[in-house]
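Participant: quick check, what structure comes out for this input:
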Amino acid sequence: MSIDEKDELVKYTLSKIAEAPQLVKNQLWSKNGLLKYRRVYFRIKKYVDNFLEDKDETNRIIFLPGLRGVGKTTVVLQIYDYLRNQRKIEQDRILYFSTDELKAYLGKSILDVVDTFIREVHKTSPVYLEKKLFVFVDESHFDDKWSETAKIFFDKSKKIFMIFTGSSALSMELNVDAVRRMTKEVVFPLNFLEYLTLNHKEWYPPKDTAEAIRDLIFHGDQEWSLEVASEKEDELVKNLMAIEKLIEKEWEDFICYKGFPFALSMDEAQAYGKTFSLIDRIIEKDIFSVKSFNTDTRNTITRILSFLALQPPGSTSDVKLSQRMGVSPTIVRNILDVLEKTHLVFSIKPYAGAGRVARKPWKYYFLCPSINSSIRFKLGAFNRDSITFGILLENLVASYLFRMKETVNLPTAIFYDSSDEVDFLIKDS
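Facilitator: Have a look, this model is predicted:
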């Protein structure tokens with residue numbers, strides 16, 4: 001590295017340290033005050049506290065994969081704010097930067113910046129660090145060596161705590177060594193309780209409501225589970241009375257267009273426009289970072305997403321979809337596979353019984369019903385009728401089951417009933 005390049009890196013690193021407080025202020029404060037916290041924030045905060053208090057030496061590299069727009073950056077900046085204002089960590093001990101900006105302006109790697117932060121700002125090496133440092137890296141997937149960098153610093157020093165955010169597809173690319181050193185916390189779109197919590201200043205759900213619902217699903221035949229769920233229901237009904245808006249209207253708005261945190265302060269048309277733009281950015285930035293496609297295939301991806309949004313789930317096979325798109329089944333399969341890797345969509349297979357294979361197409365759902373409705377809105381095909389709302393509700397239930405499977409590994413498998421007697425079948429062991 002030349003002297004000029006080294007000088008550029010030092011200036012860049014110092015500028016990131018200097019501008020972080022203002023960035024935090026811009027991102028975390030709204031007209032209603034400081035943004036409220038989601039559950040994932042408290043899980044990461046616990047890792048931070050354990051690191052600072054020398055209670056845990058293993059959970060020092062936190063990986064936050066998730067779809068664009070779900071609030072990963074907000075969570076990271078909330079942790080920054082916690083460190084500065086509650087834990088009183090000095091500003092120069094925390095580095096936050098985004099890899100897409102780094103690559104666009106300097107063409108350098110995460111390793112280059114973190115090494116500069118330690119050697120030039122703190123005048124030492126990772127091995128000889130005495131003070132605990134924090135490094136928060138956004139959009140990590142723009143550096144294909146990001147997980148190797150995480151492994152290097154994990155192995156060299158127990159004084160560095162790192163958070164990496166990025167596309168859900170990054171989870172598929174981690175090598176075995178990196179996986180052993182990382183703690184993964186997937187960030188999803190809002191659930192209804194999170195939506196109400198963030199949208200109403202003084203409202204919070206009863207403690208352990210989500211756990212009570214989950215226990216009811218998987219242990220509903222146990223009396224204790226029914227009792228706990230009943231108690232939580234009574235508490236929740238009382239809490240909901242404090243919300244000034246009709247809860248039915250809140251529920252409908254949440255299903256249709258308020259599944260992402262950014263939509264909370266938007267009207268319906270704005271939210272649809274922002275969500276649709278988000279889909280375009282996922283296609284341009286995330287999908288093409290996972291797999292190379294030509295320009296024609298880019299258009300096919302958009303058409304497939306539109307088709308999936310406008311049709312009832314499971315109504316068309318890959319072969320029929322390829323015929324409709326005018327491309328080979330292999331290209332359709334590749335596109336669907338990449339869409340699943342980014343978590344824009346996910347699939348549920350049919351269940352025909354033990355030892356049998358159902359010859360029916362897979363069902364594809366969007367990670368959030370707001371994605372479906374925004375595509376419909378853009379195409380002039382969105383109506384708040386019972387049929388559309390039923391499709392969005394089915395998508396919501398499927399996405400919640402998928403979310404539980406990804407985070408707590410329950411259910412261990414999800415199927416749809418090929419006999420159409422019920423919507424979903426779940427396996428709990």
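
Participant: for Phe389, which three-state class applies?
Facilitator: helix (DSSP: H, G, I helix; E, B strand; the rest coil).

Participant: swap that for Phe188, please
Facilitator: Here Phe188 is recorded as coil under three-state DSSP.

Participant: the residue nearest to it when sequence neighbours are not counted: neighbouring residues, count only.
Facilitator: Once flanking residues are discounted, Phe188 sits nearest to Arg403: 5.1 Å by Cβ to Cβ, 6 or more residues apart in numbering. Every C-beta, even on glycine, is put in place using the N, C-alpha and C of the backbone. By the criterion of other Cβ atoms under 10 Å, Arg403 has 16 neighbours.

Participant: state the pLDDT value of the most centrally placed residue in the chain.
Facilitator: Among the residues of the chain, the smallest C-alpha distance to the mean C-alpha position (Cα atoms, centre = their mean) belongs to Gly66, namely 2.6 Å. Gly66 is assigned a pLDDT of 93 by the prediction.

Participant: distance of it from Lys207?
Facilitator: When distances are taken as Cβ to Cβ, to the nearest Å, Gly66 and Lys207 turn out to be 25 Å apart.

Participant: repeat for Phe424
Facilitator: For Phe424, the distance to Lys207 under the criterion Cβ to Cβ works out to 28 Å.

Participant: what about these two, which has more around it?
Facilitator: Using other Cβ under 10 Å, the more surrounded residue of Phe424 and Lys207 is Phe424, with 16 against 10.

Participant: helix, strand, or coil at Ala104?
Facilitator: Assigned state for Ala104: helix (three-state reduction, three-state DSSP).

Participant: now swap in Phe63 and tell me
Facilitator: Quick answer, by three-state DSSP: Phe63 is strand.

Participant: tell me how many other residues crowd it.
Facilitator: A count of nearby residues for Phe63, using other Cβ under 10 Å, gives 24.

Participant: which residues pair with it across the strands?
Facilitator: Following DSSP bridges, Phe63 is listed with bridge partners Phe164, Lys184.

Participant: distance check, it against Glu233.
Facilitator: From Phe63 over to Glu233 (counting by Cβ to Cβ), the distance is 35 Å.

Participant: Asn294 too?
Facilitator: When distance is defined by Cβ to Cβ, Asn294 is 53 Å away from Glu233.

Participant: could you do Arg324 as well?
Facilitator: With distances taken as Cβ to Cβ, Arg324 is found 45 Å from Glu233.

Participant: ok, Thr58 next?
Facilitator: Applying Cβ to Cβ, the value for Thr58 to Glu233 is 38 Å.

Participant: so what's Lys367 up against?
Facilitator: Heads up, residue 367 is Leu, not Lys. Taking Cβ atoms under 8 Å, 6 or more residues apart in numbering, we find Leu367 in contact with 67, 188-189, 343-346, 399, 402.

Participant: pLDDT weak spots in the stretch 51-200 of the chain?
Facilitator: 169-176 (pLDDT under 70).

Participant: the stretch 301-429 of the chain too?
Facilitator: In the predicted model, the stretch 301-429 of the chain carries pLDDT under 70 at residues 354-357.

Participant: again, only this time at 90
Facilitator: Across the stretch 301-429 of the chain, residues meeting the criterion (pLDDT under 90) sit at 311-320, 341-342, 351-361, 408, 417-422, 428-429.

Participant: what ranges does it have for its strands?
Facilitator: When secondary structure is read from DSSP state E, counting those that start in this stretch, the stretch 301-429 of the chain shows strands at 345-351, 363-366, 413-417, 424-427.

Participant: return the most buried member of the ones you listed.
Facilitator: Using mean count of other Cβ atoms under 10 Å, the stretch among the strands of the stretch 301-429 of the chain with the greatest mean number of neighbours is strand 363-366 (a mean of 26).

Participant: who touches Phe424 in this structure?
Facilitator: With contact set as Cβ under 8 Å, 6+ apart, Phe424 has these partners: 348, 397-398, 401, 414-417.

Participant: of the residues you listed, closest to Leu246?
Facilitator: Distance to Leu246, by Cβ to Cβ, is smallest for Val397 among the contacts of Phe424, at 22.3 Å.

Participant: count of residues packed around that closest one?
Facilitator: Burial of Val397 is recorded as 13 neighbouring residues (other Cβ under 10 Å).

Participant: cool, and Ser292?
Facilitator: Under the neighbour criterion other Cβ under 10 Å, Ser292 is assigned a count of 8.

Participant: got the residue ranges for the strands in the stretch 151-300 of the chain?
Facilitator: With DSSP E, counting those that start in this stretch as the definition, the stretch 151-300 of the chain shows strands at residue ranges 160-166, 183-184.

Participant: and the shortest one, what does it pack onto?
Facilitator: Applying 3 or more Cβ pairs under 8 Å, 6 or more residues apart in numbering; DSSP states H and E, one finds that strand 183-184 makes contact with strand 61-65.

Participant: how close does the nearest residue to Pro369 once chain neighbours are set aside get to Ser399?
Facilitator: Closest residue to Pro369 apart from its sequence neighbours, by Cβ to Cβ, 6+ apart: Leu392 at 4.2 Å. Separation of Leu392 from Ser399 (Cβ to Cβ) stands at 10 Å.
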